[in-house]
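Colleague: Sequence and predicted structure below; questions after.
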Amino acid sequence: MRRPLAALATLLIMGGMLWMSLARRDPPAPDSLTGPQASSGGDPRRQSDLRSASARIETLLEVARRGDLAAYLASFDNPLRGRLEQQADQRGRAAFADELRRAARARKSHAIFAPVADGEGPDTARILVESIFADRIERQTYRLARRQAAWLITEVETARDREPSEPLGSLAAFHEPEGVPVATEEMTSRLIDSEENY
């Protein structure tokens, strides 16, 4: 009687384990997502929309490299666009375009991070761009909003990291180590005293 019960219990346990492992492999359907996965853009359609926001930043960097002022300004939404147009008019449009080209040449490299939803609405996004210059690392957070069929930049926040003592890309210099840590007589006597107290 014990053997059939043990065999039945073993089969039930193994069946339960198999069922649990299969249940873990099947991800929930996109429509049934809840919690942080849903709010972070787990829906594939939402991810596709956010990727098109990332394309706006790639275009912005490319037109700045070419000095295409009209296309550069077209990447922004008002009131930011109005402020940039005013700066371009004050400096002169050719000089402003030259500044765009010069800034793009000064950038050694950059990384565009994956866009994330910014706020509750489906039509806002936030993208972080990290740019490396010879004398600094700069992080810019772009906030975008979808206007009809296009994403436009509504705000840009810039933060600079510490400036390195040597320009990025320069040859590394060898610095002698301070030396091997050696116990002084005072430290040795304290160690001996503490061991004696135990």
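Modeller: Nice, thanks for sending it over.
Colleague: what about residue 78, which SS state?
Modeller: Following DSSP: H, G, I helix; E, B strand; the rest coil, we place residue 78 in the coil state.
Colleague: any idea of the pLDDT on it?
Modeller: Looking at residue 78, its pLDDT stands at 91.
Colleague: Strands along the chain, start to end?
Modeller: 107-112, 116-117, 124-133, 137-147, 150-160 (DSSP state E).
Colleague: Would you mind putting these into JSON lines with mean pLDDT alongside?
Modeller: Formatted as JSON lines, the strands of the chain follow (pLDDT from 0 to 100):
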{"stretch": "strand 107-112", "mean pLDDT": "89"}
{"stretch": "strand 116-117", "mean pLDDT": "86"}
{"stretch": "strand 124-133", "mean pLDDT": "90"}
{"stretch": "strand 137-147", "mean pLDDT": "90"}
{"stretch": "strand 150-160", "mean pLDDT": "88"}
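Colleague: Select, out of these, the one closest to residue 75.
Modeller: Nearest to residue 75, of all these, is strand 150-160, at 5.6 Å by C-beta to C-beta. C-beta coordinates here come from the backbone N, C-alpha and C atoms, glycine included.
Colleague: measure residue 142 to residue 125 for me?
Modeller: From residue 142 across to residue 125, the span is 8 Å (C-beta to C-beta, to the nearest Å).
Colleague: Give me the mean pLDDT for stretch 10-28.
Modeller: Stretch 10-28 shows a mean pLDDT of 64.
Colleague: Next, show the common contact partners of residue 142 and residue 125.
Modeller: Shared contacts of residue 142 and residue 125, defined by C-beta atoms under 8 Å, 6 or more residues apart in numbering, are absent.
Colleague: right, and residue 123 touches residue 145 too?
Modeller: Yes - using C-beta atoms under 8 Å, residue 123 is in contact with residue 145, at 5.9 Å.
Colleague: Between these two, tell me which one has more neighbours.
Modeller: residue 145 (18 against 14; other C-beta atoms under 10 Å).
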